[in-house]
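**Student:** just need the structure, nothing else, for what follows:
(one chain, ligands or ions: 1)
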Amino acid sequence: MNLPSSFPLVKHQKLGCGVVNERSRHLVSTMAEPTNTPMPASTPVPASTPRSSSPLQQYSIPSLTPNATTATIPLWPSTTSSPDTATRKPQRPIVLHIGDPIKYNPDTYAEFNAAFEVIRPPTPERERNELIRALKEERWGHFSAIFRPFWGTGGEMGRWDAELIDLLPSSVKVFASAGAGFDWADTKLLGERGIIYCNSGLAAAEAVADFSVAMIISTFRHLPWCMNAATFPHLTSSSDARSTFRECHARATAASHNPRGHTLGLIGFGNIGQQIAAKMGNPAFGMKIAYYDVVRKPAAVESELRATFYEKLEGLMKVSDCVVLCTPASADGRPIITAETLGYLRPGTRFVNIARGSLVDEEALADALDSGVVRAAALDVHMDEPSVNERLVRMVTGLGFDDRGQHPGRVMLTCHNAGGTVETHVGFEELSMRNILRVVRDGAEAVTPVNLHWLREKKGV
Ligand SMILES: O=CC(=O)O
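**Tutor:** Below you'll find the predicted structure:
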């Protein structure tokens, strides 16, 4: 892909396994941001908002080599709770490690282990009730940090809400987690308790943006229709198989378009939104880039990405040919995409969600697909994961035209896969460790904090 030479993020930065450079510092400051400010109903989008700038030190994430995926590293001996931790004085600050052991970054882990006493409770101690018991007993002493390097494990206790946060020792300074999203923790409450929450969105951005490209293209080219027609009827040797193939081959053309020249409307213009813009805009796919965010991005970012800002969600939705949701979940858990906001769309608009399922009223979306207001949709995330909305599923799998004359395969559904690559996980581990090293060992600012505004409010800074 030819990218503008003035776009150093994509040219020089390999997110998750490369060097975080000047450009990405800016992106961190605009993506790893808080979204907990309650928004009035008339301003429904808690899109990316800036946090105050942090003097991010340049650091490198070791390149991913084939070996890295299989690297085995010695685990810190204390991989289970140590019964006497609460009574003896630790030599080094204690880090409570929840979830799987480190897999990809042995060198950083060696540094981490040298700096901290890492305690990794076994799974049963991470279940909510047992965790509550352990915290009440101060089983892990006065630990300084919580460390969750994997997205797939470490969430056994459920949401970090007041019930858990109130039990944390006052020694906890930082909670560093895998994952771009942070709706699994009450980051406002953590901030008010003086605990910095750091996400790892920076490490996931490239993977999520790549997946978004596939989803956007799917909405223009109706990949589910093309794939289903070539597959399912043929599996059952149905006599319709050949005619289903022929019908798709003949009729998909009239329903398909090149993205070039169409307007891509990004709701949220943080790190992920900006990477999607870089991939889908000129000169690659040639889409016009429009965005809505609660805070307008600097003119240099807009000009680099040729992005037009819309102050209101309504304005963005009205001009978009394809809307992509790339903003963190709203603090109050309310959806942004509702019957009301879908009403802003021009008939035939496409819709993609790679953010959070809670942001979309799926019944309203299914209605909009039924009526043709939304022509095609692609959703990686779902309201009630791991369940998927049945009406939307039927729009993926149907093989014939419906009674309104709409073609099948208008929806693509995936299993919350957008950020899921090895490179993302390399970066999740690395960033989580770097955040804790900086805050606890170095007494420096975190790399990717998301709740500094709550911390500052509490401290009156
Ligand atoms: O959804 C995945 C993430 O938040 O990284």
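**Student:** hey, let's count contacts and neighbours off CA atoms from now on
**Tutor:** Will do.
**Student:** where do the strands sit along the chain?
**Tutor:** 94-97, 117-119, 145-148, 174-177, 196-198, 263-267, 288-292, 307-310, 322-325, 349-353, 374-379, 411-413 (DSSP state E).
**Student:** ok, now which ones touch the closest residue to residue 337 other than its chain neighbours?
**Tutor:** Among residues not flanking residue 337 along the chain, residue 360 sits closest, at 4.7 Å (C-alpha to C-alpha, 6 or more residues apart in numbering). Shown in contact with residue 360 (C-alpha atoms under 8 Å, 6 or more residues apart in numbering): 335-338, 383.
**Student:** pretty sure residue 446 is touching residue 432, no?
**Tutor:** No - contact criterion C-alpha atoms under 8 Å: residue 446 and residue 432 do not qualify, at 9.8 Å.
**Student:** which residues are in contact with both of those two?
**Tutor:** Joint contacts of residue 446 and residue 432 (C-alpha under 8 Å, 6+ apart) are residue 198.
**Student:** most neighbours of all the contacts of residue 360, which one?
**Tutor:** Within those, most neighbours by other C-alpha atoms under 10 Å means residue 336, with 24 neighbours.
**Student:** for it, give me phi and psi.
**Tutor:** phi -100, psi -40 (degrees, to the nearest 10).
**Student:** with adjacent residues omitted, what lies nearest to it?
**Tutor:** In space, residue 336 is closest to residue 359, 5.2 Å off (C-alpha to C-alpha, 6+ apart).
**Student:** how far away is the one you found from residue 203?
**Tutor:** 22 Å (C-alpha to C-alpha, to the nearest Å).
**Student:** now swap in residue 167 and tell me
**Tutor:** For residue 167, the distance to residue 203 - C-alpha to C-alpha - is 30 Å.
**Student:** ok, the two, which is more surrounded?
**Tutor:** Shown here are residue 167 and residue 203; by other C-alpha under 10 Å, residue 203 has more neighbours (30 against 16).
**Student:** what sits against the residue nearest to residue 336?
**Tutor:** Counted by C-alpha under 8 Å, 6+ apart, residue 359 has contacts 329-330, 333-337, 383.
**Student:** how close does it sit to the ligand?
**Tutor:** Applying C-alpha to the nearest ligand atom, to the nearest Å, the value for residue 359 to the ligand is 13 Å.
**Student:** from residue 210, how far out is whichever residue of the stretch 1-150 of the chain sits closest to the ligand?
**Tutor:** At 9.6 Å from the ligand, residue 150 is the closest residue in the stretch 1-150 of the chain, using C-alpha to the nearest ligand atom. Noted for residue 150: a distance of 20 Å to residue 210, by C-alpha to C-alpha.
**Student:** do the same with residue 115
**Tutor:** 36 Å.
**Student:** on that earlier part again, out of the contacts of residue 359, which comes closest to the ligand?
**Tutor:** residue 329 (9.8 Å).
**Student:** please tell me how far the residue sitting furthest away from the middle of the chain sits from residue 135.
**Tutor:** Relative to the centre of the chain, and counting by C-alpha atoms, centre = their mean, the farthest-placed residue is residue 239 at 43.1 Å. Note on residue 239: its distance to residue 135, by C-alpha to C-alpha, is 63 Å.
**Student:** re the thing from before, let's have the contacts of residue 359 in JSON lines, adding distance to residue 377 and pLDDT.
**Tutor:** Shown next, in JSON lines, are the contacts of residue 359 (distance: C-alpha to C-alpha, whole Å; pLDDT from 0 to 100):
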{"residue": "329", "distance to residue 377": "19", "pLDDT": "94"}
{"residue": "330", "distance to residue 377": "21", "pLDDT": "91"}
{"residue": "333", "distance to residue 377": "22", "pLDDT": "90"}
{"residue": "334", "distance to residue 377": "20", "pLDDT": "96"}
{"residue": "335", "distance to residue 377": "17", "pLDDT": "98"}
{"residue": "336", "distance to residue 377": "16", "pLDDT": "97"}
{"residue": "337", "distance to residue 377": "13", "pLDDT": "98"}
{"residue": "383", "distance to residue 377": "15", "pLDDT": "97"}
